[in-house]
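Engineer: What would the 3D arrangement of this be:
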Amino acid sequence: MSKGRPKHQSRGATADPADMPLAVVVLAAGQGKRMRSTLPKVLQPLAGRPLLAHVLETARALSPAAIHVVHGYGGEAVRRKLADAPVNWVHQAEQLGTGHAVLQAAPQLHPDHRVLILYGDVPLITADTLRQLLEGCGPDDLALLTVELEDPEGYGRIIRDASDQVLRIVEEKDASDKQRAIHECNTGVMAVPAKRLVPWLQQLRNANAQGEYYLTDVIAAAVRDGVAVNALIAAGEEEVQGVNDKVQLSMVEATYRLREAVALMEAGVTVIDPLRLDVRGKVEAGRDVTLDVNVVLEGRVKLGDNVKIGPNCVLRDVEIGAGTEIAANCVLENSVVGAGCRIGPFARIRPDSVLADEVHVGNFVEVKKTRLGAGSKANHLTYLGDAVVGSGVNVGAGTVTCNYDGADKSVTTIGDGAFIGSGTMLVAPVTIGANATIGAGSTITREAPAQKLTLARSSQVTVEGWERPVKKKD
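Structural biologist: This is a model prediction of the structure:
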């Protein structure tokens with residue numbers, strides 16, 4: 001037995017497996033009662049995406065001719081959630097076992113194809129492992145993925161003969177005490193020539209403790225018919241971990257997080273604590289990037305050279321330019337940030353915002369659907385929404401672009417070099433000219449001309465003889 005490498009026990013294969021087109025069948029019909037959730041099991045979230053989405057992504061990496069998803073419980077919800085997935089949906093009206101589930105896809109299988117069987121609740125299996133497995137599947141060869149478990153309770157056991165050849169799989173409920181002592185277990189993942197698989201499925205019987213049609217009985221049928229069973233032992237049990245309850249879901253989530261963190265570190269990213277990084281998408285990172293603790297990266301995130309992300313930040317579908325530093329507790333989404341910027345702490349960059357190079361957005365500043373020109377600054381307590389801000393602009397603390405009138409959004413335009421005093425309200429639509437200065441505390445409702453000081457304040461009044469109200473004593 002060998003980990004990470006198929007045991008080629010081929011008995012005269014007549015064609016190169018690589019010449020056989022691939023079809024993938026994903027079993028995703030289970031309810032998942034132990035989840036105690038109204039959500040079908042395969043829609044439970046892993047790194048922000050359904051379990052099934054991870055399996056389909058891995059399947060697509062193998063460039064199959066077709067992917068068939070067998071669904072049952074909550075099938076309409078599954079199909080609706082993954083409506084854009086390029087798959088053929090197959091309905092299993094009754095859940096009568098794994099063999100019965102694969103049989104539902106049989107009419108869609110071409111006899112010249114290899115069939116790879118995967119599971120919608122086993123999300124961490126890798127394309128590399130599956131490629132190794134497929135090397136052992138040819139016209140007269142079946143490839144089976146097994147795993148060695150320290151505690152094999154609940155798993156089907158792999159039964160081998162004196163020559164170490166796989167004979168069959170025995171489910172735990174049907175196993176003897178001696179067989180239960182075996183630590184090599186079935187993962188359920190296998191690759192089978194379709195011309196062999198379909199007749200074997202049609203011959204399955206449910207004379208077992210569960211009263212189900214076991215896919216595992218295909219192994220015994222292969223041995224009976226002289227078809228080689230090439231076993232590949234998975235490199236680790238984490239890769240083939242199934243998800244049946246929220247505890248197992250959390251374990252898989254932790255494994256996924258660590259795997260993604262390790263991949264980033266191997267690419268040169270400094271991760272302060274790999275156990276406190278949460279990657280929920282695709283990350284592209286340059287050289288000397290640093291990620292502090294509790295950073296969440298969602299969607300597609302691109303980080304330039306020397307980017308530093310502080311603790312407790314969330315980045316969702318963003319591009320960050322080289323040398324930019326994002327301080328603690330910032331949220332950025334669907335935006336582009338240029339090189340050499342300083343963001344935060346406690347800043348929020350909302351969708352459709354574009355920050356040019358050397359922009360500063362400070363603490364408690366919110367930017368929405370706004371363009372900030374090179375070198376502009378909004379350092380404190382400011383809201384910039386639906387605005388076009390030029391280069392070298394200084395926006396004082398407490399400035400608000402009043403962009404919404406209760407029905408429509410309007411644009412505020414601020415020219416290059418403008419200075420906006422603290423506590424200013426810019427009531428859109430409004431334009432502030434280049435190098436204009438707006439006096440602190442102004443409410444601007446009309447155009448402020450370039451290179452001029454514009455004020456809009458009421459006169460200061462002191463009321464003589466006024467006394468502050470005092471609460472009456474009971």
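
Engineer: and the gap between residue 27 and residue 463?
Structural biologist: 79 Å (CB to CB, to the nearest Å). (Glycine included, C-beta is placed from N, CA and C.)

Engineer: whoops, residue 150 was the one
Structural biologist: Distance from residue 150 to residue 463, by CB to CB: 82 Å.

Engineer: phi, psi of residue 200?
Structural biologist: phi -60, psi -40 (degrees, to the nearest 10).

Engineer: where does it sit relative to residue 22, distance-wise?
Structural biologist: 19 Å.

Engineer: Over to residue 281?
Structural biologist: 27 Å.

Engineer: Between these two, tell me which one has more neighbours.
Structural biologist: For residue 281 and residue 22, the more surrounded residue by other CB atoms under 10 Å is residue 22, and the numbers stand at 21 against 17.

Engineer: Run through the bridge partners of that one.
Structural biologist: residue 114 (DSSP bridges).

Engineer: Could you tell me which residues make contact with it?
Structural biologist: The neighbours of residue 22, taking CB atoms under 8 Å, 6 or more residues apart in numbering as the test, are 62, 63, 64, 65, 113, 114, 115, 116, 134.

Engineer: nearest to residue 37, of those?
Structural biologist: residue 116 (28.5 Å; CB to CB).

Engineer: which ones are touching the closest one?
Structural biologist: Residues counted as contacts of residue 116 (CB under 8 Å, 6+ apart) are 22-25, 59, 62, 64, 130, 133-134, 137, 189-191.

Engineer: Helices - which of those residues land there?
Structural biologist: 59, 130, 133, 134 (DSSP state H).

Engineer: Now do the most centrally placed residue in the chain against residue 80, distance only.
Structural biologist: By CA atoms, centre = their mean, the chain has its centre lying nearest to residue 280, at 3.7 Å. Going from residue 280 to residue 80 by CB to CB gives 21 Å.

Engineer: So for the lengthiest helix in the chain, mean pLDDT?
Structural biologist: Longest helix in the chain, counting residues (DSSP H): helix 246-266. Helix 246-266 carries an average pLDDT of 97.

Engineer: List the neighbours of whatever helix or strand comes next after it that are in contact with it.
Structural biologist: Per DSSP states H and E, the first helix or strand lying C-terminal to helix 246-266 is strand 270-271. Applying CB under 8 Å, 6+ apart, the contact partners of strand 270-271 are 261, 264, 265, 277, 288, 289, 290, 291.

Engineer: Make JSON lines from those residues and add neighbour count to it.
Structural biologist: JSON lines is the format used below for the contacts of strand 270-271 (neighbours: other CB atoms under 10 Å):
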{"residue": "261", "neighbour count": "20"}
{"residue": "264", "neighbour count": "20"}
{"residue": "265", "neighbour count": "14"}
{"residue": "277", "neighbour count": "25"}
{"residue": "288", "neighbour count": "14"}
{"residue": "289", "neighbour count": "23"}
{"residue": "290", "neighbour count": "17"}
{"residue": "291", "neighbour count": "29"}
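
Engineer: Distance to residue 48 for those residues - can I get that in JSON lines?
Structural biologist: Shown next, in JSON lines, are the contacts of strand 270-271 (distance: CB to CB, whole Å):
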{"residue": "261", "distance to residue 48": "16"}
{"residue": "264", "distance to residue 48": "17"}
{"residue": "265", "distance to residue 48": "21"}
{"residue": "277", "distance to residue 48": "14"}
{"residue": "288", "distance to residue 48": "27"}
{"residue": "289", "distance to residue 48": "21"}
{"residue": "290", "distance to residue 48": "23"}
{"residue": "291", "distance to residue 48": "17"}
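
Engineer: rewinding a little: same drill for residue 27 and residue 463, tell me which one is more crowded.
Structural biologist: The residue with more neighbours, out of residue 27 and residue 463 and counting by other CB under 10 Å, is residue 27; that gives 27 against 6.

Engineer: Quick one: mean pLDDT for the helix or strand harbouring that one?
Structural biologist: Using DSSP H and E, residue 27 sits in strand 22-28. Averaged over strand 22-28, pLDDT sits at 97.

Engineer: In stretch 198-216, which residues are buried?
Structural biologist: 198, 200, 201, 204, 208, 212, 213, 214, 215, 216 (16 or more other CB atoms under 10 Å).

Engineer: tell me which of those is nearest to residue 33?
Structural biologist: So of these, ranked by how close each gets to residue 33 (CB to CB), first place is residue 212, at 15.8 Å.

Engineer: ok, that closest one - contacts?
Structural biologist: 96, 97, 98, 99, 100, 206.

Engineer: Kindly report the same for residue 35.
Structural biologist: Going by CB under 8 Å, 6+ apart, the list of residues near residue 35 reads 41, 44, 244, 245, 246, 249.

Engineer: so who does the third one touch?
Structural biologist: In other words, residue 244. 32, 34, 35, 41, 121.

Engineer: Touching the longest helix of the chain from outside, list them.
Structural biologist: Residues contacting helix 246-266 (CB under 8 Å, 6+ apart): 35-36, 44, 46-47, 123-124, 238, 241-243, 271, 274-275, 277-279, 283, 285, 291.

Engineer: Repeat the analysis, applying 7 Å as the threshold.
Structural biologist: 35, 44, 46-47, 123-124, 238, 241, 243, 271, 274-275, 277-279, 283, 285 (CB atoms under 7 Å, 6 or more residues apart in numbering).

Engineer: One more: stretch 214-222?
Structural biologist: By CB under 7 Å, 6+ apart, stretch 214-222 touches 97-99, 102, 117, 142, 144, 156, 166, 168-169, 171, 186, 188, 192, 197, 200, 203-204, 208, 229.

Engineer: What subset of those is buried?
Structural biologist: Listed as buried from the contacts of stretch 214-222 are 97-99, 102, 117, 142, 144, 156, 166, 168-169, 171, 186, 188, 192, 197, 200, 204, 208, 229; burial here means 16+ other CB under 10 Å.

Engineer: Which members of these occur in helices, if any?
Structural biologist: Going by DSSP H, the helices hold 98, 99, 102, 197, 200 from those.

Engineer: need the residues you listed in JSON lines with distance to residue 54 and pLDDT, can you?
Structural biologist: Output for these, formatted as JSON lines (distance: CB to CB, whole Å; pLDDT from 0 to 100):
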{"residue": "98", "distance to residue 54": "20", "pLDDT": "93"}
{"residue": "99", "distance to residue 54": "24", "pLDDT": "95"}
{"residue": "102", "distance to residue 54": "20", "pLDDT": "96"}
{"residue": "197", "distance to residue 54": "25", "pLDDT": "96"}
{"residue": "200", "distance to residue 54": "29", "pLDDT": "96"}
